[in-house]
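**Q** I need the structure of the sequence given here:
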Amino acid sequence: MNQRSTFIFTMLCFGFAFLYIPIVLVIIYSFNDSKLVTFGAVGQLGGIWNSSVMKTF
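**A** Reported below is the predicted structural model:
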C-alpha cells in the first residue's frame, strides 16, 4: 500500500469505530440492571424492558 491508501484505510477504520462503538455500548448497557453505569452488573442480563421486547417477538 502506498502512503495515500494507508491514510484512507486508517481514516475509514476510525470512522467505522466512531459509528459502531457507541451502538455496541448501548446494547451492552441495556442489559445492566443497576442504576449506575458499570460493567459489573452486565452479567445479570436482567433488564425489564429487554424481557418485554423479547416477548413481543
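
**Q** could you use CA atoms for every contact and neighbour count after this?
**A** Fine.

**Q** average pLDDT across the lengthiest helix in the chain?
**A** Counting residues, the longest helix in the chain under DSSP state H turns out to be helix 3-30. Taken as a whole, helix 3-30 has a mean pLDDT of 92.

**Q** could you number the chain from 41 rather than 1 from now on?
**A** Sounds good: first residue 41 from here, last item helix 43-70.

**Q** what comes up buried for it?
**A** Within helix 43-70, the residues scored as buried using 16 or more other CA atoms under 10 Å are 69-70.

**Q** that one packs against which elements?
**A** Helices and strands touching helix 43-70, as assessed by 3 or more CA pairs under 8 Å, 6 or more residues apart in numbering; DSSP states H and E, are absent.

**Q** list the contacts of stretch 51-65.
**A** Identification of contacts with stretch 51-65 by CA atoms under 8 Å, 6 or more residues apart in numbering yields no residue at all.

**Q** keeping just the C-alphas, turn it into PDB.
**A** Coordinates of the C-alpha atoms in stretch 51-65 are reproduced here as PDB (Å, rounded to 0.1, in the frame of the first residue of the first chain):
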ATOM      1  CA  MET A  51      -9.400   7.100   8.500                       C
ATOM      2  CA  LEU A  52     -12.000   4.500   7.300                       C
ATOM      3  CA  CYS A  53     -11.300   2.400  10.400                       C
ATOM      4  CA  PHE A  54     -11.600   5.400  12.700                       C
ATOM      5  CA  GLY A  55     -14.800   6.300  11.000                       C
ATOM      6  CA  PHE A  56     -16.400   2.900  11.500                       C
ATOM      7  CA  ALA A  57     -15.200   2.700  15.100                       C
ATOM      8  CA  PHE A  58     -16.700   6.200  15.700                       C
ATOM      9  CA  LEU A  59     -20.100   4.900  14.400                       C
ATOM     10  CA  TYR A  60     -20.200   1.400  15.700                       C
ATOM     11  CA  ILE A  61     -18.600   1.500  19.200                       C
ATOM     12  CA  PRO A  62     -21.500   3.600  20.700                       C
ATOM     13  CA  ILE A  63     -24.000   1.200  19.200                       C
ATOM     14  CA  VAL A  64     -22.300  -1.700  20.900                       C
ATOM     15  CA  LEU A  65     -22.000   0.100  24.200                       C
END
